[in-house]
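Engineer: Take a look and give me a structure for this.
(2 chains)
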Amino acid sequence: MKKAVQLEKIGWVVFDLLLLLLGWIFLVTCTSAKDTFPDPVSVFSMLFTSFVKPIGTYTMWGHIMWSLYRVMVGFTLASVTGIIVGIAMGSSKIAEAIIKPIFEFLRPIPPIAWIPLAILWFGIDEASKYFIIWLGAFINVTLNSYVGASRTDETLIGAARMLGAGKRKVFTRIILPASMPQIFAGLQVAMSSCWMAVLVAEMVRSNEGVGWIIIRGTDTGNTAQIIVGMITIGVIGFILTTAMSWIERKVCSWNTTL
Amino acid sequence: MDEKQQKLLEHEKQQRAQKRKYLMISVVSVCVFFFVWELITGILHILPDYTMPSPVKVLDSFIKKFYTKTPDGEILPVHIITSLKVSLFGFFLGSVTGVPIGIMMAWHPRFEKFFRPLFDLIRPVPTVAWIPIMILWFGIGLGAKAAVIFVSAFIPCVVNSFAGIKQTSQVHLWVAQTFGASRREMLFRIAIPTALPSIFTGLRLSLGSSWMALVAAEMLAANKGLGYMIYTSRSLGRADLIIVGMLTIGAIGAILSYVLGIAEKRIVKGVSR
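Structural biologist: Residues are numbered from 1 along each chain as shown, chains lettered A, B, ... in the order given. Sure thing, here's the model as predicted:
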């Protein structure tokens, strides 16, 4: 029974893909769209050759590695700082009173809008990109850690206190684990916003990376290159989010609501 | 009884005093923030003006920008209206198509089976990655930006409407069926009201992401608008105008989501009662 359902699902996927391909072929052969739209053959041949033949200075692998490296630097910095700030805000009223107004004041500004200022502050090379990626993730991680920590069950804290746990023990054994699911939800969102931020940062100013591939495609009028870049971006984005939810399930395996 | 009340009153008083204390800390914190900013820029000039202007200078530029066209060619209200027009247009298109498609996908299994693979194909591509191809197709005018914003508003709308309808309790549907409701009635009287909070979450996410996509699109290709303004100010080294633009972008984003929140409160309440 389950197998039949799965087979049907695969059937629909294949059907859809075929329909899409046929529509695409129709579009490029029978209408005037062929001037601005590449045909499937050139896109897929470019997709496969791009892994051996360089676009610009790097092959596709090189560009992917550049982008991923930037994401990892920004994301790691953001998760460390964001969790610290968020939990501080959630578990201490004084920290909350100090940080929250400034945080709420800066929060509505989209991270992308920081790019011009970041370039003025850190120059046009790597540092400004790390800053943008860091910012994109930091807001999400901080917010979620804050919510997670401030929603810790008061009775649990009270019970631990009564049984003689010190402040530090309450923090490491109760507040931290209780906010874990929220923190991971934040990290999950942060990962996708990092991926978005790196693209914009690379589109605005860079010489390598997947964001550069697509904007370079626009500058040279090479639509095949743009589509190849978009496919790669989609696949990597998908892998990143899947990996994040896999880690989440491993780390928070005690949480049955996942 | 009297004693109890007094205790309660005292407790309340204490809590209020605590609240006041934290409010004071907040006020002091904001004041210190601005003071330090002013100190290192306006008074001590540790940071040069073209990387970090003082808050006073930012305020001054903000007011001046309302009537001076230099250096980017338009006054601030024109930039704001241009950006708002494009983003609201794209957001409107995206939500008007996205919400019904999400509802249909959740309500008709066959519709879901057909659309799901197509939708899953475009979903992992971040919306900003659509900017280059849209510029190539539609030029740098309103079309390309509206199209990018359409995509960025469409996706959260579909996802959340879909999830909302799927939350409908089977028991409610059975009850309706027992009382002879048609499938159409069940959709409009039960499933959609159940899904409304989730649909509104989708709309709020859409609004946020379309506002962000707009800024990105305007930085890459535009000759008007807030994103264009901050990006041109960068090449001119006018950090004060960048900050004015950023704060305007943030404020308008906050206002938009606040307005949507009011609409949500009205509509969702009215239906669920």
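Engineer: Where does pLDDT dip in the chain?
Structural biologist: All of this is about chain A. By pLDDT under 70, the low-scoring segments of chain A are A:1, A:33-35, A:253-258.
Engineer: Please refer instead to chain B.
Structural biologist: Low-confidence segments of chain B, defined by pLDDT under 70: B:1, B:269-273.
Engineer: So it: which segments form each domain?
Structural biologist: Structurally, chain B divides into domains by automatic domain parsing as follows: B:2-47, B:62-272.
Engineer: tell me which element residue B:180 is part of?
Structural biologist: In this assignment (DSSP states H and E), residue B:180 forms part of neither any helix nor any strand.
Engineer: What's the local residue count around it?
Structural biologist: For residue B:180, the neighbour count with other C-beta atoms under 10 Å in any protein chain shown is 7. For every residue, glycine as well, the C-beta is placed using N, CA and C.
Engineer: how near is it to chain A?
Structural biologist: Residue B:180 sits 31 Å away from chain A, going by C-beta to the nearest C-beta, to the nearest Å.
Engineer: what about that residue, distance to residue B:186?
Structural biologist: Distance of residue B:180 to residue B:186, given as C-beta to C-beta, to the nearest Å: 11 Å.
Engineer: likewise residue B:40?
Structural biologist: 63 Å.
Engineer: quick one, which of the two is more surrounded?
Structural biologist: Per other C-beta under 10 Å, whichever of residue B:40 and residue B:186 has more neighbours is residue B:186, with 18 against 14.
Engineer: Just confirm that one contacts residue B:176, I think it does.
Structural biologist: Yes - applying C-beta atoms under 8 Å, one finds residue B:186 in contact with residue B:176, separated by 5.0 Å.
Engineer: Other residues contacting the helix or strand harbouring residue B:114?
Structural biologist: Secondary structure from DSSP H and E places residue B:114 in helix B:109-122. Outside helix B:109-122, the residues that touch it by C-beta atoms under 8 Å, 6 or more residues apart in numbering or on different chains are A:8-9, A:12-13, A:15-17, A:20, A:234, B:101, B:104-106, B:151, B:155, B:158.
Engineer: Heading C-terminal from that helix, find the next helix or strand.
Structural biologist: As assigned by DSSP H and E, the chain's next helix or strand after helix B:109-122 is helix B:131-138.
Engineer: Could you give me the buried positions within that next one?
Structural biologist: B:131, B:132, B:133, B:134, B:135, B:136, B:138 (16 or more other C-beta atoms under 10 Å in any protein chain shown).
Engineer: Is that helix positioned near chain A?
Structural biologist: Yes - interface with chain A: helix B:131-138 contributes B:131, B:132, B:133, B:135, B:136, B:137 (C-beta under 8 Å from any C-beta of the partner chain).
Engineer: just curious, which of the contacts of helix B:109-122 is nearest to residue B:82?
Structural biologist: Distances from residue B:82 to these, taken as C-beta to C-beta, are shortest for residue B:151 (19.9 Å).
Engineer: show me the contacts for the closest one.
Structural biologist: Listed by C-beta under 8 Å, 6+ apart, the contact set of residue B:151 reads B:94, B:122, B:127, B:130, B:213.
Engineer: Show me which pair in the residues you listed is furthest apart.
Structural biologist: Using C-beta to C-beta, the two most remote members of these are B:122 and B:213, lying 14.4 Å apart.
Engineer: so residue B:172 is in which element?
Structural biologist: Here residue B:172, judged by DSSP H and E, is contained in helix B:170-178.
Engineer: Off-centre distance for that helix?
Structural biologist: A distance of 36 Å separates the centroid of the chain from that of helix B:170-178, by C-alpha atoms, centre = their mean, to the nearest Å.
Engineer: Report the buried residues of it.
Structural biologist: For helix B:170-178, by 16+ other C-beta under 10 Å, it's B:173, B:176.
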